[in-house]
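Q: Structure of the sequence below:
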Amino acid sequence: MNNIILRIKTLYNDMGPGEKKIADCILENQREIIGLSISDLAEKCGSGEATIVRFARRLGLSGYQELKISIAQETAQAQPVVNQNITKDNSCYEIFSKIANDIYNSLEHTKKVLNNEQLEKAALKILSAQRIAIFGLGNSSSVAIDAQHKFLRAGLNAAAYCDNHMQAIAASHLSKKDVAIGISHSGSSKDVVEAMKLAKEAGASTICITNFGKSPIIKQSDIALFTASEETKHSILGMNSRIAQLAIIDSIYTYIILRKDQEAIKAIHNTERALQSKKY
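A: A predicted model of the protein is given here:
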């Protein structure tokens, strides 16, 4: 494994003033980096996002995401990539109990950062949309597919796109009557942000579901729905954010069902009837 911290220190004297600000910030806050989006780090360092990308490439990395992962791997070392409260001495049930508590805390924190007016506005936009395009990659792809599933059951014209090429194609064909939903915990997924930008340029309303804080996806979103999960300090593959995202999707789905009334009941009935042949 490449020693990124050592490389930063080795190249430090050859760096310009802007790069040294980033280097100082990273060296002083190594354990926090994994939880910061590129926008968060830019604000923390008093630097630009483009400068951070150039800084990462100077180190031989592809960009900020690889820099963040490399630093996280080094600072973790022997620490397992799981919740810090969980140890190898815990029974499987004890692990379940701790994970359940973490999920509960994440949902409670999400309640505090989720804006009531923004959520209402998002639900109304989705309810009246001609088409709904949902973008998600990696961990967020399962949430995008879940949203598609629920909105289709409610009789809405929804499609999830979990391939970056298809995201770009779908986004470019949207119109002002349509809605694009971008799901990204970090808010820094380049392809999802680019798809949201294309959707916005096409005239569609854009909604993001992302973790609380500044991130690139917010700049391309008319409406931002925030979750609050600290899981990325322990694991890039944690599920707290997904549970919070799913709870937001469920809330919007339920809101739509109640407002569509008989139309929604008919759509759900037609769905169940269509699926009867698939069950014993």
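
Q: do you know how far residue 64 is from residue 26?
A: 11 Å (CB to CB, to the nearest Å). Placement of C-beta: from N, CA and C, glycine included.

Q: With residue 102 instead?
A: Noted for residue 102: a distance of 27 Å to residue 26, by CB to CB.

Q: Once you drop chain neighbours, what's closest to residue 185?
A: residue 241 (4.2 Å; CB to CB, 6 or more residues apart in numbering).

Q: And the one you found, which helix or strand is it part of?
A: Residue 241 belongs to helix 240-260 when assigned by DSSP states H and E.

Q: Remind me what that helix packs against, helices and strands.
A: helix 92-113, helix 116-128, helix 141-153, strand 205-211, strand 223-227, helix 262-275 (3 or more CB pairs under 8 Å, 6 or more residues apart in numbering; DSSP states H and E).

Q: ranking these by burial, who's on top?
A: strand 205-211 (a mean of 27; mean count of other CB atoms under 10 Å).

Q: Give the partner strands of that one in its sheet and their orientations.
A: Using DSSP bridges, strand 205-211 pairs in its sheet with strand 179-183 (parallel), strand 223-227 (parallel).

Q: Make JSON lines out of those strands and add mean pLDDT and distance to residue 43.
A: Formatted as JSON lines, those follow (pLDDT from 0 to 100; distance: least, CB to CB, whole Å):
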{"stretch": "strand 179-183", "mean pLDDT": "98", "distance to residue 43": "21"}
{"stretch": "strand 223-227", "mean pLDDT": "96", "distance to residue 43": "16"}
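
Q: out of the ones you listed, nearest to residue 134?
A: Go through those one by one with CB to CB and the one that ends up closest to residue 134 is strand 179-183, at 4.6 Å.

Q: List the buried residues of the very next helix or strand once past that closest one.
A: Moving toward the C-terminus from strand 179-183, the next helix or strand (DSSP H and E) is helix 190-201. Buried residues in helix 190-201, defined by neighbour count with 16 or more other CB atoms under 10 Å: 191, 192, 193, 194, 195, 196, 197, 198, 199, 200.

Q: Dump these to TSV, plus pLDDT.
A: Shown next, in TSV, are the buried residues of helix 190-201 (pLDDT from 0 to 100):
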residue	pLDDT
191	96
192	97
193	96
194	97
195	98
196	98
197	98
198	98
199	98
200	98
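
Q: tell me, how many neighbours does residue 169 end up with?
A: 13 (other CB atoms under 10 Å).

Q: For my notes, confirm it occurs in a helix.
A: Yes. Assignment of residue 169 by DSSP: H, G, I helix; E, B strand; the rest coil places it within a helix.

Q: Show the contacting residues for it.
A: Residues counted as contacts of residue 169 (CB atoms under 8 Å, 6 or more residues apart in numbering): none.

Q: Check what pLDDT it gets.
A: Here the pLDDT value assigned to residue 169 is 98.

Q: Going forward, count from 535.
A: Shifting the count to begin at 535 puts that one at residue 703.

Q: any idea how far residue 567 is from it?
A: 34 Å.

Q: repeat for residue 554
A: 17 Å.

Q: which of the two has more neighbours?
A: When residue 554 and residue 567 are compared for neighbours, residue 567 comes out ahead with 22 against 14, by other CB under 10 Å.

Q: Tell me the secondary structure at that one.
A: Classification of residue 567 using three-state DSSP returns helix.

Q: Please look at residue 575 and residue 567 and confirm they touch.
A: Yes. Look at residue 575 against residue 567 with CB atoms under 8 Å: they come within range, at 7.1 Å.

Q: returning to that earlier point: got the CA positions of the helix holding residue 775 in PDB?
A: Backbone C-alpha positions of helix 774-794 (Å, rounded to 0.1, in the frame of the first residue of the first chain) are rendered in PDB as follows:
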ATOM      1  CA  ASN A 774     -27.000   3.700   8.100                       C
ATOM      2  CA  SER A 775     -27.200   6.100   5.300                       C
ATOM      3  CA  ARG A 776     -29.100   3.700   3.100                       C
ATOM      4  CA  ILE A 777     -31.700   3.100   5.900                       C
ATOM      5  CA  ALA A 778     -32.100   6.900   6.300                       C
ATOM      6  CA  GLN A 779     -32.400   7.300   2.500                       C
ATOM      7  CA  LEU A 780     -35.000   4.500   2.300                       C
ATOM      8  CA  ALA A 781     -37.000   6.100   5.100                       C
ATOM      9  CA  ILE A 782     -37.200   9.300   3.100                       C
ATOM     10  CA  ILE A 783     -38.300   7.400   0.000                       C
ATOM     11  CA  ASP A 784     -40.900   5.600   2.000                       C
ATOM     12  CA  SER A 785     -42.200   8.800   3.400                       C
ATOM     13  CA  ILE A 786     -42.600  10.300  -0.100                       C
ATOM     14  CA  TYR A 787     -44.300   7.100  -1.300                       C
ATOM     15  CA  THR A 788     -46.800   7.100   1.500                       C
ATOM     16  CA  TYR A 789     -47.500  10.800   1.000                       C
ATOM     17  CA  ILE A 790     -48.200  10.200  -2.700                       C
ATOM     18  CA  ILE A 791     -50.400   7.200  -2.000                       C
ATOM     19  CA  LEU A 792     -52.600   9.200   0.400                       C
ATOM     20  CA  ARG A 793     -53.000  12.000  -2.100                       C
ATOM     21  CA  LYS A 794     -53.700   9.900  -5.200                       C
END
